[in-house]
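Participant: The amino acid sequence is not available; the structure is as follows:
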């Protein structure tokens, strides 16, 4: 089958687009409003963007009344937000925080979740709350928001990009120094009203011996720094060689 979105109907009982791109990590975003109300909401368009320094993004469609979501309003107004890993154990709470409630409702309380304070990001003197039981959490500074146009009432979307300045990892989910998905059991959005849970992984390495490629695939800041130091050293040698050559020609 083939169809052109927005120009012709796909002919299926349910729209297939979101079921084509999966599984999608969940951006379980916690913020604090300027008046001190805690907010927590999951977004199924979420991902990391780069690793040195690390950036993440989440995108939030507008509400049916063409208003920005509370997470976007708070992140833009305060300049900070946090991300919490959504897990199988916390799936019901993730779902509860997806409910459309008034801005003055604390979703942590609404979902029966305990809070833990952020270490670095603040709104005034108040720490941005995070999900205490989530095993991996990021503290982020708002970098920019990109508005993508769309059809009303919910087509327009705000793509919020943040720089990760603090990372919390529960040591209980580590195995041999690596985060173990069999212990975190992250959940992800699929199509329709379906989710997936990750409990198993398999390993593949990109063919070839490119250290740069492998460092990027692993997301190794340590290896990236070594490669950059080597690059700077090579550039310095080339500059030195060029100066020596120029001096010889001048003589």
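Facilitator: Sure thing, it's come through. Everything numeric here is computed off the predicted structure, so don't read it as measured data.
Participant: any idea where the helices of the chain begin and end?
Facilitator: 17-20, 70-78, 91-96, 107-111, 181-184, 211-218, 221-250 (DSSP state H).
Participant: closest to residue 195 out of those?
Facilitator: helix 91-96 (7.2 Å; CB to CB). Glycine gets a C-beta too; all of them are placed from N, C-alpha and C.
Participant: Can you tell me which of the helices of the chain is most buried?
Facilitator: Among these, helix 70-78 has the highest mean neighbour count (mean count of other CB atoms under 10 Å), at a mean of 22.
Participant: Identify the residues contacting it?
Facilitator: Helix 70-78 is contacted from outside by 29, 31-34, 39, 41, 43, 58, 60, 81, 103, 123, 128, 142, 145, 158, 160, 162, using CB atoms under 8 Å, 6 or more residues apart in numbering.
Participant: Just the buried subset of those, please.
Facilitator: Among the contacts of helix 70-78, those scoring as buried are 29, 31-33, 39, 41, 43, 58, 60, 81, 123, 128, 142, 145, 158, 160, 162 (criterion: 16 or more other CB atoms under 10 Å).
Participant: Looking at those, which are in strands?
Facilitator: 29, 31-32, 39, 41, 43, 58, 60, 81, 123, 128, 142, 145, 158, 160, 162 (DSSP state E).
Participant: Pretty sure residue 45 is one of the things residue 29 touches, is it not?
Facilitator: No: counting by CB atoms under 8 Å, residue 29 does not reach residue 45; the two are 11.4 Å apart.
Participant: so what sits against both of these two?
Facilitator: With CB under 8 Å, 6+ apart as the test, residue 29 and residue 45 both reach residue 58.
Participant: what sits opposite residue 27 in the beta ladder?
Facilitator: Listed beta-bridge partners, residue 27: residue 43 (assigned using DSSP bridges).
Participant: What is the burial count for it?
Facilitator: Residue 27 sits with 24 neighbouring residues when counted by other CB atoms under 10 Å.
Participant: switch to numbering from 121
Facilitator: That works, and once the first residue is 121, the last one we named lands at residue 147.
Participant: give me every residue that touches it.
Facilitator: Per CB under 8 Å, 6+ apart, neighbours of residue 147: 162-166, 176, 178, 203.
Participant: hmm, try it at 6 Å
Facilitator: Applying CB atoms under 6 Å, 6 or more residues apart in numbering to residue 147 gives the contacts 163, 166, 178.
Participant: I'd like the residues you listed written out as a markdown table, with distance to residue 230 and pLDDT added.
Facilitator: Shown next, in a markdown table, are those (distance: CB to CB, whole Å; pLDDT from 0 to 100):
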| residue | distance to residue 230 | pLDDT |
| --- | --- | --- |
| 163 | 17 | 97 |
| 166 | 21 | 97 |
| 178 | 20 | 98 |
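Participant: Name the nearest of those residues relative to residue 293.
Facilitator: Looking across these and measuring by CB to CB, the closest to residue 293 is residue 166, at 19.3 Å.
Participant: show me where pLDDT drops low in the stretch 171-320 of the chain?
Facilitator: Across the stretch 171-320 of the chain, nothing is flagged by pLDDT under 70.
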